[in-house]
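>>> Sequence plus predicted model, see below.
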Amino acid sequence: MKQYDVVRVAAIRDGRFTRERPQYQRHPQVGDVGTILEVYGDAFEVECSEPSTGVTIWLEAMFPDELQSA
């Protein structure tokens with residue numbers, strides 16, 4: 001996977017998204033589709049946005065085993 005690839009959330013490691021993130025609408029959920037914005041050594045920064053408005057629903061660092069190509 002590389003920058004700007006469209007990916008689907010395939011799994012979420014237990015307990016990863018428990019803290020409040022008031023700047024976003026919600027946490028990632030299995031089945032969400034997003035775009036890789038940054039590639040790190042062992043993770044990806046992924047943004048999921050509202051298709052009609054472009055408003056960010058969530059923005060999180062995701063591990064490769066949590067994602068699949070969309």
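That came through fine. Numbers count the residues shown, from 1 in each chain.

>>> For Cys48, list each beta-bridge partner.
With DSSP bridges applied, Cys48 shows beta-bridge pairing to Trp58.

>>> Verify the stated contact: it with Trp58.
Yes. Using CB atoms under 8 Å, Cys48 is in contact with Trp58, at 5.2 Å. (C-beta placed from N, C-alpha, C; glycine too.)

>>> Touching both of those two, which residues are there?
Between them, Cys48 and Trp58 share the neighbouring residues 28, 32, 34, with contact defined by CB atoms under 8 Å, 6 or more residues apart in numbering.

>>> Flag the shaky bits of the protein, pLDDT-wise.
Low-confidence segments of the chain, defined by pLDDT under 70: none present.

>>> where does the residue most central in space within the chain land in three-state SS?
By CA atoms, centre = their mean, the mean C-alpha position of the chain lies nearest to Val46, the distance being 3.8 Å. Secondary structure for Val46, judged by DSSP: H, G, I helix; E, B strand; the rest coil, is strand.

>>> so what's it up against?
By CB under 8 Å, 6+ apart, Val46 lies in contact with 7, 9, 28, 34-37, 59-62, 67.

>>> Reformat the shared contacts of Cys48 and Trp58 into TSV and put secondary structure, neighbour count and distance to Pro22 next to each item.
Conversion of the shared contacts of Cys48 and Trp58 to TSV gives the following (DSSP: H, G, I helix; E, B strand; the rest coil; neighbours: other CB atoms under 10 Å; distance: CB to CB, whole Å):
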residue	secondary structure	neighbour count	distance to Pro22
Pro28	coil	21	16
Asp32	coil	17	19
Gly34	strand	25	19
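
>>> a markdown table for these, including distance to Ser52?
Putting the shared contacts of Cys48 and Trp58 into a markdown table (distance: CB to CB, whole Å) gives the following:
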| residue | distance to Ser52 |
| --- | --- |
| Pro28 | 20 |
| Asp32 | 16 |
| Gly34 | 16 |
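
>>> thinking again about what came up before, are any of the contacts of Val46 buried, and if so which?
Buried by 16 or more other CB atoms under 10 Å: 7, 9, 28, 34-36, 59-60, 62, 67, out of the contacts of Val46.
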